[in-house]
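Asks: requesting a structural model of the entry that follows:
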Amino acid sequence: MDSDISAVFGKMPEFAANNLLKIRDLILQISDEQPSVGKITECLKWGEPSYVTHSPRTGTTVRLAWKEKDQKYGIYVPCQTTLIEDFKVAHETDLTFDKNRGILFKKGESIPMDLISSFLFHALTYHVKK
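Replies: Residues are numbered from 1 along each chain as shown. Model prediction:
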């Protein structure tokens, strides 16, 4: 992990950083295990750890964010995609959504890793399925 990215995680509350690091690991695991997912580049976008596929560009950008104002953390994708809207149809009562751009969690809330894994796979293969 790049030191700038590590510093961003280091500024988050421990509970948020630990859970977002688990989601980061899941992103990298999906990339390693799924041949339909392009190679992942980890970078900062809007000051948040972001994961972009390239070689080939199979998916859309996934950002991991701490929202201090709301005391929540989550997974964000570009609002121009249909990912959140599509996921809401099947999981509206299972997850908390931030409009059409993200999935949010709060302190003490367990993360349904199976659902999140499915969402991440769809995000990382978004351009393949369009």
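Asks: just grab the bridge partners of the residue most central in space within the chain for me.
Replies: Nearest to the mean C-alpha position of the chain, counting by CA atoms, centre = their mean, stands Ile75 at 3.7 Å. Ile75 has these beta-bridge partners by DSSP bridges: Leu64, Ile103.
Asks: my guess is it meets Met113, correct?
Replies: No. Between Ile75 and Met113 there is no contact under CB atoms under 8 Å: 11.9 Å. For the C-beta atoms, the positions are set from N, CA and C on the backbone; glycine is no exception.
Asks: could you list the buried residues of stretch 106-115?
Replies: Neighbour-count burial for stretch 106-115, counted by 16 or more other CB atoms under 10 Å, picks out Ile111.
Asks: identify the residues contacting that stretch?
Replies: If you take CB atoms under 8 Å, 6 or more residues apart in numbering as the criterion, stretch 106-115 is touched by 13, 15-16, 19, 22-23, 26, 71-72, 91, 94-96, 105.
Asks: identify the farthest-apart pair in those.
Replies: Greatest spacing in the contacts of stretch 106-115, by CB to CB: Pro13 and His91 (25.6 Å).
Asks: circling back: just the ones of the contacts of stretch 106-115 in helices?
Replies: Of the contacts of stretch 106-115, the ones assigned to helices by DSSP state H are Phe15, Ala16, Asn19, Lys22, Ile23, Leu26, His91.
Asks: any idea how far Ala65 is from Lys107?
Replies: 15 Å (CB to CB, to the nearest Å).
Asks: low-confidence bits of this structure, can you list those?
Replies: Within the chain, the stretches with pLDDT under 70 are 129-130.
Asks: what are the ranges of the helices in it?
Replies: 3-10, 14-33, 83-91, 113-124, 126-129.
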